[in-house]
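>>> Everything below, folded, please.
(5 chains, ligands or ions: 4)
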Amino acid sequence: MILRLSGLAGLLLLVEALPRLGLVADLPPTSRILTALADEAGTTAFWAAVGDTLTAWALGLVIAVAAGVTGGLVIGAVPALRAWTASTVEFLRPIPSVALIPLAVLLYGTSLGSTLLLVVYAAFWQVLVQVLYGVADVDPVADETARSFRFSPWARLRHVLWPTALPYVFTGIRLAAAVALVLAVTAELVIGAPGLGSVIAVAQSSGALPTMYALIVVTGLLGVAINIGARYAERRFLSWHQSVRAEMAL
Amino acid sequence: MRRALRLLALPALLFTVWYAASLGSENFYAPPLRTILAAFADTWTPERLRADVLPSLGRLTAGYALAAVLGVALGVAVGANRRLRAAAEPVLEFFRAVPPPVLVPVIMLFAGIGDGMKIIVIVSGCVWPVLLNTVEGVRAVDGVLSDTSRAYGVTGVARLRHLLLPAASPQIVAGLRQALSIAIILMVISEMVAASNGLGFTIVQFQRSFAIPEMWSGIILLGLLGFVLSELFRLAERFLLAWYHGLRDASRS
Amino acid sequence: MLEVQDLRKVYRSDRREVEALRDLTFTVDAGELVCLVGPSGCGKTTLLRCIAGLLDPTGGAVRVDGREVAGPPPGMAVVFQEYGRSLFPWMTVRDNVELPLKQKKIPKARRATLVADSLAAVGLDGTQTAYPWQLSGGMQQRVAIARAVAYEPSILLMDEPFAAVDAQTRADLEDLVRELWQRLGVTILFVTHDIDEAVYLGQRVIMLSASPTVVQDQLTVDLPAARDQLHTRADPRFTAQRTRVYEQIQAAKGRTAAQPPAPLGS
Amino acid sequence: MLEVQDLRKVYRSDRREVEALRDLTFTVDAGELVCLVGPSGCGKTTLLRCIAGLLDPTGGAVRVDGREVAGPPPGMAVVFQEYGRSLFPWMTVRDNVELPLKQKKIPKARRATLVADSLAAVGLDGTQTAYPWQLSGGMQQRVAIARAVAYEPSILLMDEPFAAVDAQTRADLEDLVRELWQRLGVTILFVTHDIDEAVYLGQRVIMLSASPTVVQDQLTVDLPAARDQLHTRADPRFTAQRTRVYEQIQAAKGRTAAQPPAPLGS
Amino acid sequence: DAGKDSGGADKVKVGVIPIVDVAPIYLGQQKGFFSARRIELTMESGQGGAAIVPGVVSGQFQFGFSNLTSLLIAQTRNVPIKVVANGVASTGQAGKDFGGVAVRKGSPITKPADLAGKKIAVNTLKNIGDTTVRESVRKAGGDPAGITFVEIPFANMPAALEAGQVDAAWVVEPSLSAVTAAGGRVVAWNYVDAAPALTVAAYFASTKLIADDADLVERFTAAMNESLTYADAHPDEVRAVLGSYTKIDPKVRAALTLPKWPTTINRSSVETLAKLGAQDGIFAGATPDLTKILP
Ligand SMILES: Nc1ncnc2c1ncn2[C@@H]1O[C@H](COP(=O)(O)OP(=O)(O)OP(=O)(O)O)[C@@H](O)[C@H]1O
Ligand SMILES: Nc1ncnc2c1ncn2[C@@H]1O[C@H](COP(=O)(O)OP(=O)(O)OP(=O)(O)O)[C@@H](O)[C@H]1O
Ligand SMILES: [Mg+2]
Ligand SMILES: [Mg+2]
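Numbering: from 1, shown residues only, chains lettered A, B, ... in the order given. Ligands and ions are numbered 1, 2, ... in the order given. Sure thing, here's the model as predicted:
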């Protein structure tokens, strides 16, 4: 635990020291950021914004993960499907969500839908690609075992491919969780959908730098919290996996 | 031949559907594909490709390469060392959650507004999939293999080279593949600020100046770029992971 | 009935081309217990995988009950040589054994009995909730055997299934296989390196040559159906049969058939 | 000199707690060849991993040349029971064998000789450029043996190294191990399930009890140093010794020591 | 959509950028100018035209706020929108405008002509900033051709200037105050140089809404005009309302230069903007048709 905090503490010290030593202009020192943060935390608008962002984030992530995992398992389990869809996937993946902003606004204005569209579009690919690689990682002997016992396609998916892909899926979810947060904030920032992002936009255009950084810190902290959750889930569901069991032994 | 068919069949189908469905589109922001394709031909002249796409590709390559090296190096260190991971992970997770658009101004403070800044923005976004996958790949190295290495004194650099990197390579490659499209996305984002040329810059300019067919043609170009790069990547992967694909396919042929 | 006809398998890769099986023809009757011996690397595993429908042969065909196998035939169980990798590390021992039974749609209560009985039969009481990687090599191998036994297959393919267990356990497992065979009338194809084991277990022993692999010889084991470790192995006919197998294998290795290793000579 | 003193190992996890080793004490002299037998799951692999410095014991200590092992001692080679998983799948057979030699900073020319010789010794000529997963189980195991042999270790730990090979190859490999031992004066600890093998190979046989594991008995093998497959195994002393080991193991299993299985009874 | 609530008021969404310029609409809302005309107002803050114009075109917003150069570009592209009310105008007074080209403390640049060949930050390229800055230089006798413009958000300009990443920056309030507070100087008043009392931005609606619900548009325009007039007359209340939707530091808020909020659009200044834009090639060869975009 102390170890965990030491890294963050180091970062805080660095950010305090850099501006005070005059090494970077315009970066407020930690203390001022934290004061601004405390000010923000006192307002209900701030908490409403955090709530909005988290709602968009969670909804978007759930949709993206569900779609990515289902799609990945299905495409990954059927080699032909994978071969036929590969080019389309690769074509669609690099299209930036930000380029879709007009489309999102066109369809949903500043409502939650806009944010969701962008979040889901960006996070979906992260999960999909991880699942595809995860499914491909299946141990041939394990897969043959399943085949020799004539597992139904569903059982093969459920009991062989899915557990094999699970570690990859976890990485995918962790990647997607951050991307979803990033996109939620970005969408709010650019489109103005309610949430932390639009508060950041206001702070930015008002030249209120400490407040802006305070809000960025909040998104960062949300990321840290999300990761703690993901790690916990990993210990729970991957206890059988080499990566976890190697660390739990001792 | 069959491969080409597999590659092109679905995209061709989707484009046909799009073409047909959009023929009569009145919507200003969703023009007919016909218009978009016409704009594509007009817009992406060789001249333009050289002026805007080349610089972008340069930044993309630099940023991607840097992210790959950084992600793998950091990932191996963090993955192989529990204490380091405990200390570093919160900091990394913190930065991972900060959106690149708000990060750009901060990066500008340190890196100025030149290509360096844009490359750093690309790195700042696409290092994560590489890093996370490397960490997980290294953590998951088979226990017996790891014991074998220790027993035979394969330690230090040799352990890295002969055990950790190859063992994690399937997952590292998954991360690199993820990073590829993210690099393209971040190339666009980085060129939205303090840029005067580049593919992202051009697309954003089109968007702001309401040149919607041109904007869509830019998006299509991004997709094509992603597709071409991923094909290159696939070739590289087949070479690098020949052992892995052989091992996985051994039972199927 | 299991027919292998003109079976040929060539592994091709960029660097190497290996003719694992050149030309194999033999049949196993329904309900027969046949042992397969042959030098290391001669293609026994390859053959088993072709029979199991897991590998496409380069030439020839495998027929089960007259139908050519394209995929794994129903009612078949396989004990893989790579027992460790054939157990699912994400499942407990119990779940590993039970899963194929679920696939077979066996009712829950019956499943529980089968799992418990088969694990007890291989001497693994009390490991039901352990994960395979928490077990020793021999224990893992026995889980794989228990899984096949619980499945009550009509065809059972076993690839060196007792390689990792000690002599006493091995004897017990041999008796278990024979008991299962007699009780259920299973067709069994059993790969082993232990010549004594092949003769003790089988009704027939098929000997494969070294690569390029063909059927070197077949031997019908001339021993009574009721066998036990103590008396059967002491039977002079047993000794005679094993000597013959040994000589054939020596011949297969292309050497002058010397005396088999002790304790035969005693 | 290898000393194992009051060694205890308990595996702990949320669900189970397994006392793999209760209390082991024995020594192996420098240059001695000791075989270790014991029922499946009794903790032989665990013991070997503790000696190799790959596993921290729960209690007691292992000393090599008087120094307590914390990590793998230099000059040690291990042949793992899970031979398949101990080969690097991304390296060819040659590279797998050569890598430890590189670590030992052996010059290139000498490495090439060692690799070629050891692969030839285990009967794997012509597989140098293959990947391990293109080989049969027995061939993989022999690659692992070749790797250990080429390493010319001063301590050699082998965990059921011949489990996957056929009888003839096994006999050849046994002689290879004895030859290596006599030529280099290696200290060898050899785990096997085959009692004949233990008696044939070892100067001494250590028998472990079933769990909770202690040293059940030790037996100095009263056979001449020069051994060969044909005569040694035919020696009445050999038969007597193996009977004793067998009886001890039966006792370890907690059964009434019955007759060992045939062909002893003959 | 412009749904009606129980009281018969129209629900109206306006896409705005949360900056000083749009203070009147917030003030007008507070004062009840809109509700008096049966308009229930919601402000949606976007970061610029890219987010607001599609919203208006698609009917997600009824009205939007944008600078005139963007609107002229939109017109050349036949985006179906039209101005319905004035937005904000320059004060027209050099030295007392709400935006200008600033340099850092101690910079050798002292007059507009010195900007020739320099690197200047603007918030968006090919827009009102660079065209008017070029005009300043041109008028001062400098050659604008060699100027390099780089795009940097207003908020980051003070830092970019400080760090020497750019030679000059076109900044508007409140960042302008930050630059001057750090010792920076304004060397050119580009709005003032471009045209007297330049109209900088306006409120617009989609042509569809104008055709379908002329009554609503009329009421909005009326309310907007009342708000503009009120804001122009009550700077203190403007400074106060800024605190409700921005995070500008109270001290800065008290001191910053406010723009002008006339109700009429200065047509000739718009023509100037169109001419400047055409000169700098931001309309891709087309000529904006003012009659189609202005009311
Ligand atoms: N995936 C593969 N790719 C290439 N060659 C292979 C592959 N699998 C097996 N072989 C080759 O085929 C031959 C037969 O292998 P197989 O595993 O069938 O032997 P085996 O009789 O089971 O041997 P063992 O008793 O050692 O297990 C060997 O020479 C081996 O190298
Ligand atoms: N990682 C582990 N976690 C928990 N228990 C373990 C683990 N490894 C081994 N054990 C337990 O320790 C005991 C001894 O295992 P070990 O592998 O040392 O046996 P062994 O003598 O090598 O058996 P075999 O001859 O079957 O290989 C077994 O009961 C096993 O279940
Ligand atoms: Mg085999
Ligand atoms: Mg063991």
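>>> Apart from its chain neighbours, what residue comes closest to the spatially most central residue of chain A?
Relative to the mean C-alpha position of chain A, the nearest C-alpha, by CA atoms, centre = their mean, is the one of A:A177, at 1.7 Å. Sequence neighbours aside, A:I226 is the residue nearest to A:A177 in space, at 4.9 Å (criterion: CB to CB, 6 or more residues apart in numbering or on different chains). Any C-beta I mention is one placed from the backbone N, CA and C, and that applies to glycine too.
>>> Could you do A:P153 as well?
In space, A:P153 is closest to A:A77, 7.3 Å off (CB to CB, 6+ apart).
>>> what's the distance between that neighbour and chain C?
A:A77 sits 16 Å away from chain C, going by CB to the nearest CB, to the nearest Å.
>>> hmm, back to that, for the residue nearest to A:A177, give its distance to C:R237.
Separation of A:I226 from C:R237 (CB to CB, to the nearest Å): 73 Å.
>>> Equivalent analysis for E:I210, please.
108 Å.
>>> ok, back up a step: neighbour count: A:I226 and C:R237, which is higher?
A:I226 (23 against 13; other CB atoms under 10 Å in any protein chain shown).
>>> which ones are touching that one?
A:R174, A:A177, A:A178, A:L181, B:E93, B:A97 (CB atoms under 8 Å, 6 or more residues apart in numbering or on different chains).
>>> Could you verify my assumption that the fourth one touches A:L222?
Translated: A:L181. Yes. Counting by CB atoms under 8 Å, A:L181 touches A:L222, with 6.1 Å between them.
>>> got the residues of the stretch 51-200 of chain C near ligand 3?
Contact residues, the stretch 51-200 of chain C versus ligand 3 (CB under 5 Å from the ion): C:Q81.
>>> Now with 8 Å, please.
C:Q81, C:D159, C:E160, C:V191 (CB under 8 Å from the ion).
>>> Can you tell me which of these is nearest C:V34?
C:V191 (10.0 Å; CB to CB).
>>> Over to that closest one: give its phi and psi.
phi -90, psi 130 (degrees, to the nearest 10).
>>> can you check C:D159 too?
According to degrees, to the nearest 10, C:D159 has phi -110, psi 100.
>>> roughly how far apart are it and chain E?
Going from C:D159 to chain E by CB to the nearest CB gives 65 Å.
>>> re earlier: now for the residue nearest to A:P153: which residues touch it?
A:A77 neighbours (CB under 8 Å, 6+ apart): A:V135, A:P153, A:R156, A:L157, A:L161.
>>> Please check the residues you listed and keep the buried ones.
If you count burial by 16 or more other CB atoms under 10 Å in any protein chain shown, the buried members of the contacts of A:A77 come out as A:V135, A:R156, A:L157, A:L161.
>>> Can I get the host helix or strand of the second one in PDB, CA atoms only?
To tie it back to what came earlier, the one meant is A:R156. Under the criterion of DSSP states H and E, A:R156 resides in helix A:153-156. In PDB, the C-alpha atoms belonging to helix A:153-156 read as follows (Å, rounded to 0.1, in the frame of the first residue of the first chain):
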ATOM      1  CA  PRO A 153     -19.900 -24.800 -30.200                       C
ATOM      2  CA  TRP A 154     -21.300 -23.000 -27.200                       C
ATOM      3  CA  ALA A 155     -19.500 -25.200 -24.700                       C
ATOM      4  CA  ARG A 156     -16.200 -24.700 -26.600                       C
END
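>>> so what secondary structure elements neighbour it?
helix A:140-148, helix C:93-103 (3 or more CB pairs under 8 Å, 6 or more residues apart in numbering or on different chains; DSSP states H and E).
>>> Got the phi and psi for E:K119?
Note on E:K119: its backbone torsions stand at phi -100, psi 120 [degrees, to the nearest 10].
>>> Let me know the distance separating it from chain B.
Distance from E:K119 to chain B, by CB to the nearest CB: 9 Å.
>>> distance of the nearest residue to E:I210 once chain neighbours are set aside from ligand 4?
Excluding the flanking residues, the one nearest E:I210 by CB to CB, 6+ apart is E:V217, at 5.3 Å. As defined by CB to the ion, to the nearest Å, E:V217 lies at a distance of 85 Å from ligand 4.
>>> Could you do A:Y213 as well?
Distance, A:Y213 to ligand 4, by CB to the ion: 58 Å.
>>> For stretch A:150-163, measure first residue to last.
The first and last residues of stretch A:150-163 sit 18 Å apart, counting by CA to CA, to the nearest Å.
>>> For it, give me every contacting residue.
Residues contacting stretch A:150-163 (CB under 8 Å, 6+ apart): A:73, A:76-77, A:135, A:138, A:142-143, A:146-147, C:72, C:74, C:76, C:88, C:90-91, C:99-100, C:102-103.
>>> Could you count how many residues lie near residue 164?
Because you didn't say which chain, this covers chain A. Neighbour tally, A:T164, other CB under 10 Å: 22.
>>> right idea, wrong chain: chain E
12.
>>> what's near enough to touch it?
With CB under 8 Å, 6+ apart, E:G164 has these contacts: E:R104.
>>> Where does it sit: helix, strand or coil?
Secondary structure, DSSP: H, G, I helix; E, B strand; the rest coil: E:G164 is coil.
>>> Quick check: it vs chain D, distance?
In terms of CB to the nearest CB, E:G164 sits 51 Å off from chain D.
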